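Undergrad: predicted structure and sequence below. I'll ask about it afterward.
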Amino acid sequence: MRLTVVALLLGTAAAQDLVIEDTDDSELYGASDSTPTTTEGFTPPGLEGGRVSVFVRMTQGQSAENRANVAAQATNNGGTSRTFPTALPDVINLRNIPQNVVEVLENLPGVESVETDVYQNFLALHDGVPLINAAQDQLINLGYTDVDGSGVRVCVVDTGIRADHVVFENRVDTTTGYDFHSDDSDPADDNGHGTHCAGIIGTGMFSLDVCGTSQTYQGVAPGATLIGVKVLGADGSGYTSDVIAGIDYCADPAQGAADVISMSLGGGGPYTGPCDNDLSAIASNNAVAAGVVVVVASGNDGWTNGMSSPACASDVISVGATWKNDYPNCETSSSTFSWSTCTDAYPSEDQIACFSNGNDYLTVSAPGASILAASHSSTNGLTSKSGTSMATPMVAGLAALILDADPTLTPAEVEAAIIAGAIDLGTSGHDTRFGHGRVDAAASLDSLVPAVCGDLVCEKDEDICTCSADCGSPAATETSCTDGIDNDCDNLFDCDDPDCDLDTACFCDFDGICESGENCDNCGNDCGSLSGASCGNGVCESADGEDCTNCAADCAGKQGGKPSSRYCCGLGGTNPVECSNDACNSGGFTCSTEVVPPSCCGDGTCEGGEDVSNCGVDCDCNFDNSICDDGIDCTDDVCNADGTCSNSANDSLCADDNLFCTGSEFCDATSGCQSSGDPCDSGYNCDEDNQAAFNAAVATQLVRPTAIAVLADAAITANVRASHERGTFDLN
């Protein structure tokens, strides 16, 4: 198919036809199918037979001598070494070294670990610009008359860029680009992936006849400067170390000097959360710390709870892919798109592409299916590709627009603006498929403009609490308990506001927390008996399948016996005695009449399997301080911040009152005040009752000092007799 495009090219004199080449949209491009290529019989480029490439992690702050000793293992054995000062300052890459040198490296001073430098395929991986409101005419109509990415440098870490393609209009910085795959200064694209991604970011201004209508055809940031950093070969494969070298190069202000890094590549996974110990993720996070916005494709495996690396790095902007149109349409007659991992049938605008990876840490999504952009096959060709690879440069281009609008922003602030402008799709709020939503350039740029309180327009970031002049006065109380708004501006909203305590929407609200006023009788969903058996919690939970054969710790009963091997547990069956687990007599085959009641969260008693974590209303002392009272007068009873109690002995609470036969006293945390010794004559029972009588007699001079011992002995004898009559005998 051939479409004529009139080249505006921001002042370029001659127009040139762009040719849309035949494409196969069944092929995915992005982080996927990253199986290491180093299989048996294959020797990666740059390695001689039997040799390897490794990363050596040094413990932080190692001396120059220790680092030199590591590098020498490459030099002395016919290999090479390199470092990554910005991206991985504590890592050294040694390539083409003998396998037996690895063990030597592991034992060198300062070496933390040695890891294989994997050679793998990173790529088994536009008209969508108007959809995200990034077309120049759209932005100009909204007042952004000079925001096109000019002055912003975007590093495309990929397969290289065909710099002489007409769409780039000489905005590829060929003096800065580098080829780490071949180790030369010419990052020419022999795959096509990098050129296509660069075109999505920085294609100049064209008009394109689509279905009989002239439409704007451009990149997201048509004024941005592009830097080609080639880290992958013609087949999309490369060393992890080359990818890291590319990140390091782009982030170094003395080399790539990039403001944004776009990486439509990745490997490993699925990572369900941050992968910040992975070397490519560490390098990406360090690039962000150096002030560079890093945008990475999430991958094309169709994982709903996983991403590849470095998309899973905690500081990068990870990107999923959506559809830009409804299909079929006048451009594409296809209604079904079969990918290597799944099939999209009759996809619609803003539908998530089925191949797009995501998890709880996915940042945003962008159009990435059937995207038309520059081809590396000629200087004027266009081709269509699909994948999170195509969505990623959409977001990288948006980052360039934001930095053009405000060059002072940090990477975190750029990410915040991208998220602030995203259109929430799918499940309300952040979700694993769309992240925070599909990006919208105009809305993100709007988020940078501070609202002006007093202009009588209730704008973004304004509400009744921050600007009543524009948005109206706060209510006296919370007027709605379900709208997510702080109606009375007391910093509490919905069910967290006490005004909503009696609202039916907040009572027994299925939040899994047994709150004040709720109990297992009136709110079984939040306060019912603890659900799910937990062997060892002291409660035999027969309804959840516990019995004496699988949880003897909680369920009493004889597990076997002659002649029938019957056991006293559970209901039903021919062998078990038919009584509930709670009533099973530990002596054997009979049932007790005493049944242990199930714990009931909310009844005011911390019992059974209840604890601070599963029944705070009964067990958390922050709800009720009396929970910590242990009944011992000489302990300090303290309620900790986590709701648990601490009861510590305090000797000062046992007054040195010369009791205990004039011996000093101390506090025992379980028994109360105790004597530190027995200073009385042998046979005398030293306790407070005896000593009190002794002291009283001396005080009233009822006896002479010489008779005191006799009185004391008589008191002791009476005390022993009384104890014996009570059935106890204390030998203290």
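TA: Right, received. Where do you want to start?
Undergrad: report all helices and strands that the one helix or strand A442 maps to contacts.
TA: Element membership of A442, judged by DSSP states H and E, is helix 441-446. If contacts are counted by 3 or more Cβ pairs under 8 Å, 6 or more residues apart in numbering; DSSP states H and E, helix 441-446 sits against helix 136-141, helix 388-405, helix 411-421. For glycine as for every other residue, the C-beta is placed from the backbone atoms N, C-alpha and C.
Undergrad: would you mind finding the most buried of those helices?
TA: Of all those, helix 388-405 has the most neighbours on average by mean count of other Cβ atoms under 10 Å, namely a mean of 31.
Undergrad: okay, the helices and strands packed on helix 441-446 in JSON lines with mean pLDDT and distance to T304 next?
TA: As requested, the helices and strands packed on helix 441-446 are exported to JSON lines (pLDDT from 0 to 100; distance: least, Cβ to Cβ, whole Å):
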{"stretch": "helix 136-141", "mean pLDDT": "89", "distance to T304": "33"}
{"stretch": "helix 388-405", "mean pLDDT": "96", "distance to T304": "14"}
{"stretch": "helix 411-421", "mean pLDDT": "95", "distance to T304": "21"}
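Undergrad: so which of those is nearest V172?
TA: Across those, V172 has its closest neighbour in helix 388-405 (14.0 Å, Cβ to Cβ).
Undergrad: does anything pack onto that closest one? Which helices or strands?
TA: Under the contact criterion of 3+ Cβ pairs under 8 Å, 6+ apart, helix 388-405 touches strand 153-158, helix 193-202, strand 260-263, strand 293-297, strand 317-323, strand 364-369, helix 411-421, helix 441-446.
Undergrad: averaged pLDDT, the next helix or strand after the first one. What do you get?
TA: Using DSSP H and E, the helix or strand that follows strand 153-158 towards the C-terminus is strand 178-179. When pLDDT is averaged over strand 178-179, the result is 96.
Undergrad: name the helices or strands packed onto strand 178-179?
TA: When contacts are defined as 3+ Cβ pairs under 8 Å, 6+ apart, strand 178-179 sits against strand 225-230.
Undergrad: by contact count, what packs against the strand it packs on?
TA: Using 3+ Cβ pairs under 8 Å, 6+ apart as the test, strand 225-230 ends up in contact with strand 153-158, strand 178-179, helix 193-202, helix 240-251.
Undergrad: how about a cut-off of 6 Å?
TA: Judged by 3 or more Cβ pairs under 6 Å, 6 or more residues apart in numbering; DSSP states H and E, strand 225-230 is in contact with strand 153-158, helix 240-251.
Undergrad: contacting residues for D259?
TA: Applying Cβ atoms under 6 Å, 6 or more residues apart in numbering to D259 gives the contacts V152, R153, L403.
Undergrad: am I right that D488 is in contact with S473?
TA: No. The pair D488 / S473 is not scored as a contact, 10.3 Å apart, by Cβ atoms under 6 Å.
Undergrad: the more surrounded of those two?
TA: The residue with more neighbours, out of D488 and S473, is D488; 18 against 9, by other Cβ atoms under 10 Å.
Undergrad: single out the most deeply packed of the helices and strands packed on strand 225-230.
TA: Comparing those on average neighbours, where mean count of other Cβ under 10 Å defines a contact, strand 153-158 leads with a mean of 30.
Undergrad: using CSV, list the CA coordinates for it.
TA: The C-alpha trace of strand 153-158 is given here as CSV (Å, rounded to 0.1, in the frame of the first residue of the first chain):
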residue,chain,number,x,y,z
ARG,A,153,17.3,14.9,24.6
VAL,A,154,15.8,11.4,24.3
CYS,A,155,18.1,8.4,24.3
VAL,A,156,16.6,5.4,22.5
VAL,A,157,18.4,2.3,24.0
ASP,A,158,17.5,-0.3,21.3
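Undergrad: partners of it, with directions?
TA: Partners of strand 153-158 in the sheet, by DSSP bridges, are strand 225-230 (parallel), strand 260-263 (parallel).
Undergrad: buried residues in the longest one?
TA: To tie it back to what came earlier, the one meant is strand 225-230. Buried residues in strand 225-230, counted by 16 or more other Cβ atoms under 10 Å: T225, L226, I227, G228, V229, K230.
Undergrad: how about S182, secondary structure?
TA: At S182 the chain is in coil, as set by DSSP: H, G, I helix; E, B strand; the rest coil.
Undergrad: skipping adjacent residues, who's closest to it in space?
TA: Closest residue to S182 apart from its sequence neighbours, by Cβ to Cβ, 6 or more residues apart in numbering: K230 at 7.4 Å.
Undergrad: tell me how many other residues surround D90.
TA: 17.
Undergrad: pretty sure it is in contact with F55, am I right?
TA: No. Using Cβ under 6 Å, D90 is not in contact with F55; the gap is 10.4 Å.
Undergrad: and the helix holding A442, what's buried?
TA: A441, A442, A443, S444, L445, D446.
Undergrad: in CSV: these, plus pLDDT and distance to I464.
TA: As requested, the buried residues of helix 441-446 are exported to CSV (pLDDT from 0 to 100; distance: Cβ to Cβ, whole Å):
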residue, pLDDT, distance to I464
A441, 94, 29
A442, 92, 26
A443, 91, 22
S444, 94, 25
L445, 94, 26
D446, 89, 21
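Undergrad: how far does stretch 48-61 sit from its chain's centre?
TA: 30 Å (Cα atoms, centre = their mean, to the nearest Å).
Undergrad: one more: stretch 434-441?
TA: For stretch 434-441, the distance to the chain centre is 18 Å (Cα atoms, centre = their mean).
Undergrad: now the residue minimising distance to the centre of the chain: closest residue in space that isn't a chain neighbour?
TA: Among the residues of the chain, the one closest to the centroid is G273, at 4.9 Å (Cα atoms, centre = their mean). Leaving aside its sequence neighbours, G273 sits nearest to Y361 (Cβ to Cβ, 6+ apart; 6.3 Å).
Undergrad: that neighbour: neighbouring residues, count only.
TA: Neighbours of Y361 under the rule other Cβ under 10 Å: 21.
Undergrad: and it, what element?
TA: In the assignment (DSSP H and E), Y361 maps to no helix and no strand.
Undergrad: got the contact list for P474?
TA: Neighbouring residues of P474 by Cβ under 6 Å, 6+ apart: I464, D488, C489.
Undergrad: what are the phi and psi values for it?
TA: phi -70, psi 150 (degrees, to the nearest 10).
Undergrad: which non-adjacent residue is nearest it?
TA: Among residues not flanking P474 along the chain, C489 sits closest, at 4.1 Å (Cβ to Cβ, 6+ apart).
Undergrad: I'd say the one you found and C465 touch.
TA: Yes. With contacts counted by Cβ under 6 Å, C489 reaches C465, the gap being 3.9 Å.
Undergrad: tell me the spacing between V617 and E610.
TA: V617 is 9 Å from E610, where distance means Cβ to Cβ, to the nearest Å.
Undergrad: who has more neighbours out of these two?
TA: Using other Cβ under 10 Å as the criterion, V617 and E610 rank with E610 on top: 25 against 22.
Undergrad: for A475, phi and psi?
TA: According to degrees, to the nearest 10, A475 has phi -80, psi 160.
Undergrad: hmm, it is touching D488, no?
TA: Yes. Between A475 and D488 a contact is recorded at 5.1 Å, counting by Cβ under 6 Å.
Undergrad: for the protein, which helix or strand comes out least confident on mean pLDDT?
TA: Ranking every helix and strand in the chain by mean pLDDT, DSSP states H and E puts strand 5-7 at the bottom, with a mean of 28.
Undergrad: tell me, how many neighbours does D209 end up with?
TA: There are 13 residues near D209, going by other Cβ under 10 Å.
Undergrad: quick check: neighbours of the host helix or strand of I97 in the sheet, parallel or antiparallel?
TA: Under the criterion of DSSP H and E, I97 resides in strand 88-98. Strand 88-98 has these partner strands in its sheet, going by DSSP bridges: strand 51-58 (antiparallel), strand 80-84 (antiparallel).
Undergrad: tell me what angle the helix or strand following the first one forms with strand 80-84.
TA: Of the helices and strands lying after strand 51-58 in sequence (DSSP H and E), the nearest is helix 64-75. On the basis of axes from the mean of the first three to the mean of the last three Cα atoms, to 10 degrees, helix 64-75 is oriented at 140 degrees to strand 80-84.
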